[in-house]
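>>> Okay, here's the prediction I keep looking at, along with the sequence it came from:
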Amino acid sequence: GRTLVSPEGTVSFDWSATFARISFTGGYLALEAGDTGKDWFNVWIDREPTADPDRIVTIDRDTTLVLFQAKERKPMAHRIVIQKRTEGEQGRAIFKAFTAEGAFLQAECIRPRVIEFVGDSYTCGYGSENSVREDPFRPADENPSKTYADIIGRYFGADVLHISHSGQGIARNYDDAGRGRHMPDRYPCTFDLMEEPAWDFSAITPSITVIYLGTNDFSTGRQPTYPEFKAGWMRLLQSIKEKYGAEHPVLCVAPLHNRDIHDYVFRIVETCSLPNVHYAGLPAQVHDQDGDLGASWHPNYSGHLKKACNLIPVLSTITGWPMENKPIE
């Protein structure tokens, strides 16, 4: 994910789902860390990440967390994946140092397949751990590993980058909150909540970018005009093309909201005059409005599974990655 490395070697980040892989020998691994707020993290031990982690840890101050401790401290090789569950509004984390009982090994580098997702609360995993739509949001219920984005990434064996912030839109945020700064403004930034420094796009080049925005633009019974919406979407598309090249594939997803938003996004894709830009519209029936919803009427894991099942064939066609006969989970 997007990080800032200090001259001292510490690593700071705030975007949702930013993760690290660590490989080491021995029966002990600790992390010295800090945070500007309180962030929650998923931890997987000696296995690939799934929807459910082996451990959940929090960082809300300068602290040292023991991430792994085996009763029998054999000099075996182990690997840990740690992923930020909560989004930028909950805090900016800093990883200062890892301490292992044995030696550090070369961890797996970034994978050949990388998918960048630009989105809002759905992409953050807002409420995805919950199963009661009337419940209020709690940071503990936010989990990007249960989102359509990570489900798609796991299916294709791809690393996933989340550039997402709850309540954000293309031209209008939820209930007009935070006027003047929308996802096209946040996209070029290293940190979600800070305009500087700008992100160095040469650090990671994704295979494809998926834009899943618009729900907040159409929230609370209001919506921007088509010219306003198109101007915001074009700013984002042009920024992506400028950073990754004209032929970089982009999938624009119209969320289930109403017919107007599908019309807006489809018209933009058809008239943008940019190469390799694609459209996918999620129908209202992609998931139900009861059992597939979590906190604050956001999709839970079941709802995200259904979204992923709708989008996987589209990404397969665009990227040329084959669809395999394996679980989507």
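Received it, and whenever you're ready, just let me know what you need. Numbering: from 1, shown residues only.
>>> When you work out contacts or count neighbours from here on, use the C-alpha atoms and nothing else.
Fine.
>>> Tell me, how many residues neighbour L31?
17 (other Cα atoms under 10 Å).
>>> where does it land in three-state SS?
The three-state label given to L31 by DSSP: H, G, I helix; E, B strand; the rest coil is strand.
>>> and what of the one 3 residues further on?
Three-state secondary structure (criterion: three-state DSSP) places G34 in strand.
>>> Look up how far R61 lies from it.
5 Å (Cα to Cα, to the nearest Å).
>>> ditto for G232
The spacing between G232 and R61, counted by Cα to Cα, is 37 Å.
>>> more crowded one of the two?
More crowded of G232 and R61, by other Cα under 10 Å: G232, with 19 against 14.
>>> Which pLDDT does the model give G281?
You'll see G281 listed with a pLDDT of 95.
>>> Return the residues in contact with it.
V253, A254, P255, L256, H262 (Cα atoms under 8 Å, 6 or more residues apart in numbering).
>>> Going by distance to W321, which of the residues you listed wins?
Within those, proximity to W321 (Cα to Cα) peaks at V253, which comes in at 18.8 Å.
>>> you'd agree that closest one is in a strand?
Yes - assignment of V253 by three-state DSSP places it within a strand.
>>> Look up which residues are beta-bridged to it.
Y212, A280 (DSSP bridges).
>>> count of neighbours near it?
V253 has 21 neighbours, counted by other Cα under 10 Å.
>>> For the most centrally placed residue in the chain, give me its contacts.
Centroid-nearest residue in the chain: H162, 2.5 Å away (criterion: Cα atoms, centre = their mean). Counting by Cα under 8 Å, 6+ apart, H162 touches G1, W15, S16, A17, T18, E116, F117, V118, G119, T123, C124.
>>> Now do the contacts for the residue nearest to the fifth one when sequence neighbours are not counted.
With Cα to Cα, 6 or more residues apart in numbering as the measure, G1 is the residue that lies nearest to T18, at 4.7 Å, once sequence neighbours are left out. Counting by Cα under 8 Å, 6+ apart, G1 touches W15, A17, T18, F19, L161, H162.
>>> ranges for the strands of the stretch 1-150 of the chain?
For the stretch 1-150 of the chain, the strands defined by DSSP state E, counting those that start in this stretch occupy 4-5, 11-13, 19-25, 28-35, 39-45, 55-59, 63-69, 77-84, 93-100, 104-105, 114-119.
>>> mind checking which of those strands is nearest Y155?
Of these, nearest to Y155 by Cα to Cα is strand 114-119, at 11.7 Å.
>>> and that closest one, what's its mean pLDDT?
98.
>>> For that strand, which strands pair with it and how are they oriented?
With DSSP bridges as the test, strand 114-119 is paired with strand 159-164 (parallel), strand 208-212 (parallel).
>>> Can you give the distance of the longest one from its chain's centre?
Relative to the chain's own centre, strand 159-164 is displaced by 4 Å; criterion: Cα atoms, centre = their mean, to the nearest Å.
>>> Next SSE downstream of it?
For strand 159-164, the following helix or strand on the C-terminal side (DSSP states H and E) is helix 183-186.
>>> Residues touching that following helix, excluding its own?
Helix 183-186 is contacted by residues 119, 164-165, 168-170, 192-193, 195, 232-233, 235-236 when judged by Cα under 8 Å, 6+ apart.
>>> Go again with 10 Å.
For helix 183-186, contacts defined as Cα atoms under 10 Å, 6 or more residues apart in numbering pick out 118-120, 163-165, 167-173, 192-195, 198, 213, 232-240.
>>> Sweet, I'm off.
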